[in-house]
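1. pasted the sequence and its predicted model underneath.
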Amino acid sequence: MKKKKTIKMSTWNNIVGWGFALPAVLGFLIFNLVPMVLSGYYSLCDYNIIKTPEFVGFKNFIALFTGQEKTFWLSAKATVLYAIMAVPANLIFAFMIALLLNCDMKMRAFFRSLFYLPCILPAVASSFVWILLMNPDFGLFNTILEWLHLPKSQFFWGKDSVLPSIVFMGIWGTGSTQVIFLAGLQDIPSVYYEALEIDGGNAWHKFWNVTLPMISSTLFFNLVMGIINALQVFGQAYIITEGGPNNASLFYVYNLWRQAFKYMDMGMASAMAWVLFLVVLVLTAFVFKTSNKWVYYEGGEE
Amino acid sequence: MKMKKLLAVLLAGAMVMSMAGCGGSGGSGSADSGSTGSDAAADAGDTGSSADTGSAADTGSASESGDVVEIRFTEWDGGDTLAVYEEVAEKFNSTHPGIHVTVMNIPDEYDTKITTMIAGNDVPEVCCMNSDTLLFPLAEEGIIANLQEYIDNDPDFDTECVGDQFKYMLNADYMAGYGVGSENITMFYNPALFAQYGVEEPPASYADAWDWDTFVENAQKLTIDKNGKNALDPDFDPENIDVYGVTISKWWAGYMPFLFSQGGDYLTADGSAIGYATPEGKDVLQKLADLTYVYHVAPTPTTSQTMPGLSEALATNKVAMSFDGQWSNATLMNDGVEYNVAALPKMGDKAQTVATFGAIALMNTEKADAAFEFVKFMMTEVGACEPLFLSGLWLPTNMKEYNDDYIQSVITDKHPSNYYETIVKPMMDGTANTPITAYVKNFNKINDVISPALDDLWSGEKTADEAISSIEADANAEVAGFYGK
């Protein structure tokens, strides 16, 4: 009798456990896995939503890689260029702000909210503010540049300046990265700093020998997320530039969206999604691989 | 530990997919506010209609077995246009007891939603359609019914109402849709500036339209720098222009009137190559670009980004002439701006313009017979959309509404004095060409190859020849001929 009850108990626990996990598991299965598998199938089809998908093998992928679909490499190039600029810029800026916000100062809570604020603004609203700021004729930035006797820029409307402009605009919205950094910084026990002070270390030593190693796991997380986010940049192209001027900001996901919902070519769009997925997967795996060398986990094996 | 890492990589991968999903919906969300913002008037009507939508879908399925056939009519316009559609539906419902039409307003991502509904086997019975995207592909699949067949089989149908120029023909026999709310590209001008600088006002009738050189010279006289010198003055300062002679609209409908005027078309006559790559096509584009970089009478793309809307630009004397859509009359009239309209100048022998209009399509559903009654009502009921004619937003597509008595009755005191001559008449005498989206196959893809290349032309970095040559082969690769014009 007693024995039976314990078995029942563990089964019951399992049921309860799975019961609680079920929404998440089902959510993953229904909203992630199934669409993924489906899009994997569609990527091998001619499919425009209206017709039934028609299996064509690797035709879509071949069209993409051989340049039959002209915009594929254009958009891949624009996105990689953007990522190369945006990932370090966002990380460095967010980290610097987090360091500042971690200092003891007056109105710290106020500043912390202030720097997080851009994250809760709707993308469209903030985009329009940036459009005004970067206006080549009467925008604030060019007014300042002119006042400083520096060359003016075309910002979003110049082929060479559009990507840096979008990166610059993106830096402003790194509030959540800052918050994660801040959490990491606050996790560093003050004993390390105190020990270093006793040894006669200065601020630089504190930063280089304590802060940086201790924050490396947070940095690692933000780096992975930053790469993923940068490769999926979409909103700015959709709202501000529409891929222009002359396709300079035709981002990969924007191009994907255009294939799917403007040209109704779901097969091609699915193929593009899978290419992106694999690229992100490989990049992430690569970053994880290198992480042994530079990420320090407190209480970790190494 | 290893297991953990593997799991982490997999999770990161999964995250990409889910984020791609989020990104998509986030994008469409933001698009919402963007496009409704552009049509400020639309907002007012939207909230009411979205409530309607929900109930319409419900009753639609519930009362299918009842006596009343529920018809859904989808469209994307908000504001006044939506109100008029609802009025039309009400009028129709009160005269057709067996049928009930509900207007279903889809303000954003229209094509996506229609496509999804079709994929979900829930096809709305009557739809407004974008001719450059869904209309023809859906007709090819038989999802849009052949309107011609229904018209032929209905002895009561008044065919005098139907104008050839408003038909969307998939091929010679298959009518995929019929125009609704026609408009055309025209010239708006500010008479006060013409009087101030002693320039003769542009002619109202296309028969007397200015030739290009006359137009350019007058535009130069009307382009004034901050020292009060005009663009013909040797000391003119192109860096500091106060009043621009002209603004042009940079999309296909903005260029096509001039290409038509030179005897060209979007595709070459055999439908095998793009028309811009012909000598005439390049000449049209170069002449338009020269307005900015040779004659300094039109703003650069960056400056036009920051120009105020047409109403304000005309009212504050920022611009003397503007090539824009006739629908702008609605805003200008509403704002009480002092302005007039005139014929577009000609680059070739004959002045031309181009019309634009949406399509109303009958979907191939079980209720198509009842739905056709509503399409018929829209096509033949004189004055159905009258408030929109009165406001200056639309022109009729019902040929009976072009009858002199009727059309004069919807031109009010608020309409500019040249309205009939400049805007209405071209729709009847063929000066306003059928929109190219009605007969060019694969238009959207061709256009997306050409437009980015033109950025370099409008920014002054390339000549028309260089810009078009750089994409001629790519664009021609997308060319797929004509639909049954």
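-> Thanks, I have the structure now.

2. tell me if stretch B:244-258 is near chain A.
-> No. Legend: contact between stretch B:244-258 and chain A by CB under 8 Å from any CB of the partner chain is lacking; minimum distance shown is 11.2 Å. From N, CA and C alone the C-beta is placed, and that goes for glycine too.

3. buried residues, that stretch. List them.
-> B:244-250, B:252-258 (16 or more other CB atoms under 10 Å in any protein chain shown).

4. what residues does the stretch 101-250 of chain B put near chain A?
-> B:109, B:111-112, B:115-116, B:118-119, B:133-134, B:137-138, B:141, B:143.

5. most surrounded residue in the residues you listed?
-> Neighbour counts for these (other CB atoms under 10 Å in any protein chain shown) peak at residue B:138, which has 26 neighbours.

6. make sure that one is actually in contact with residue B:361.
-> Yes. Residue B:138 is in contact with residue B:361 according to CB atoms under 8 Å; the separation is 7.5 Å.

7. common neighbours of the two, please.
-> B:129, B:144, B:176 (CB atoms under 8 Å, 6 or more residues apart in numbering or on different chains).

8. where does residue A:17 land in three-state SS?
-> Under the three-state scheme (DSSP: H, G, I helix; E, B strand; the rest coil), residue A:17 adopts helix.

9. and for it, the neighbour number?
-> Using other CB under 10 Å, residue A:17 has 10 other residues around it.

10. using CSV, write down the CA coordinates of the helix or strand residue A:219 falls within.
-> In the assignment (DSSP states H and E), residue A:219 maps to helix A:212-231. Extracted in CSV, the C-alpha atoms of helix A:212-231 (Å, rounded to 0.1, in the frame of the first residue of the first chain):
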residue,chain,number,x,y,z
LEU,A,212,36.1,42.2,-17.7
PRO,A,213,36.7,38.5,-16.7
MET,A,214,33.7,38.6,-14.4
ILE,A,215,31.5,40.1,-17.0
SER,A,216,32.7,37.8,-19.8
SER,A,217,29.8,35.4,-19.6
THR,A,218,27.3,38.3,-19.9
LEU,A,219,29.4,39.7,-22.7
PHE,A,220,29.2,36.3,-24.4
PHE,A,221,25.4,36.2,-24.1
ASN,A,222,25.1,39.7,-25.5
LEU,A,223,27.4,38.9,-28.3
VAL,A,224,25.4,35.9,-29.4
MET,A,225,22.1,37.8,-29.2
GLY,A,226,23.7,40.8,-30.9
ILE,A,227,24.8,38.7,-33.9
ILE,A,228,21.4,37.1,-34.2
ASN,A,229,19.6,40.5,-34.0
ALA,A,230,22.0,42.2,-36.4
LEU,A,231,21.5,39.5,-39.1
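
11. longest helix of chain A, counting residues only.
-> Ordering each helix of chain A by length in residues (DSSP state H) puts helix A:71-101 first.

12. tilt between that one and helix A:212-231?
-> Between helix A:71-101 and helix A:212-231, the angle comes out at 150 degrees (axes from the mean of the first three to the mean of the last three CA atoms, to 10 degrees).

13. what packs against helix A:71-101?
-> helix A:108-120, helix A:162-171, helix A:175-186, helix A:212-231, helix A:252-261 (3 or more CB pairs under 8 Å, 6 or more residues apart in numbering or on different chains; DSSP states H and E).

14. again, only this time at 10 Å
-> helix A:59-65, helix A:108-120, helix A:162-171, helix A:175-186, helix A:212-231, helix A:252-261, helix A:266-294, helix B:443-458 (3 or more CB pairs under 10 Å, 6 or more residues apart in numbering or on different chains; DSSP states H and E).

15. pull out the buried positions in the fourth one.
-> Pointing back at helix A:175-186 there. A:175, A:177-182, A:184-185.

16. just the shortest one next, same as before
-> The neighbour-count check on helix A:59-65 (16+ other CB under 10 Å) flags A:59-61, A:63-64 as buried.

17. what does the stretch 1-150 of chain A put close to chain B?
-> A:27-28, A:31-33, A:35-36, A:39, A:48-51, A:68, A:70-71, A:74, A:122-125, A:127-128, A:131-132, A:135-139 (CB under 10 Å from any CB of the partner chain).

18. among those, which ones are in helices?
-> A:27, A:35-36, A:39, A:71, A:74, A:123-125, A:127-128, A:131-132.

19. could I get the pLDDT score of residue 228?
-> Since no chain was named, I'll use chain A. For residue A:228, the model assigns a pLDDT of 93.

20. you looked at the wrong chain, it should be chain B
-> For residue B:228, pLDDT reads 91.

21. name the element it belongs to?
-> Here residue B:228 is assigned to no helix or strand, by DSSP H and E.

22. now for the residue lying closest to residue B:210 once chain neighbours are set aside, how many residues are close by?
-> In this structure, residue B:210 finds its nearest non-sequential neighbour in residue B:345, 4.2 Å apart by CB to CB, 6 or more residues apart in numbering or on different chains. Residue B:345 has 25 neighbours, counted by other CB under 10 Å.

23. which ones are touching residue B:345?
-> B:187, B:202-203, B:209-216, B:218-219, B:246, B:257-258, B:261, B:321, B:323, B:351 (CB atoms under 10 Å, 6 or more residues apart in numbering or on different chains).

24. mark which of the residues you listed are part of strands, please.
-> When DSSP state E is applied, these are split such that B:187, B:246, B:321, B:323 fall in strands.

25. so which of these is the most crowded?
-> Ranked by neighbour count (other CB under 10 Å), the ones in strands among the contacts of residue B:345 have residue B:321 at the top, with 28 neighbours.

26. did I read that right, residue B:71 in a helix?
-> No. The assignment for residue B:71, made by three-state DSSP, is strand rather than a helix.

27. and residue 203, how many neighbours?
-> In the absence of a named chain, this looks at chain A. Residue A:203: 8 neighbours (other CB under 10 Å).

28. you answered for a different chain; I wanted chain B.
-> Neighbours around residue B:203, by other CB under 10 Å: 17.

29. for chain A, which element, helix or strand, carries the lowest mean pLDDT?
-> helix A:2-27 (a mean of 82; mean pLDDT, DSSP states H and E).

30. tell me which stretches of chain B form strands.
-> Under DSSP E, chain B gives strands at B:69-75, B:99-105, B:126-129, B:167-169, B:175-189, B:224-225, B:241-247, B:319-325, B:340-342, B:353-362, B:432-433.

31. can you put those strands in a markdown table and add mean pLDDT?
-> Shown next, in a markdown table, are the strands of chain B (pLDDT from 0 to 100):
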| stretch | mean pLDDT |
| --- | --- |
| strand B:69-75 | 94 |
| strand B:99-105 | 95 |
| strand B:126-129 | 95 |
| strand B:167-169 | 94 |
| strand B:175-189 | 95 |
| strand B:224-225 | 94 |
| strand B:241-247 | 94 |
| strand B:319-325 | 95 |
| strand B:340-342 | 96 |
| strand B:353-362 | 94 |
| strand B:432-433 | 94 |
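
32. let me know which of those is the nearest to residue A:159.
-> Checking the strands of chain B against residue A:159 by CB to CB gives strand B:241-247 as the closest, at 23.0 Å.

33. that closest one to strand B:175-189, inter-axis angle?
-> Using the same axes, to 10 degrees: strand B:241-247 against strand B:175-189 is 140 degrees.
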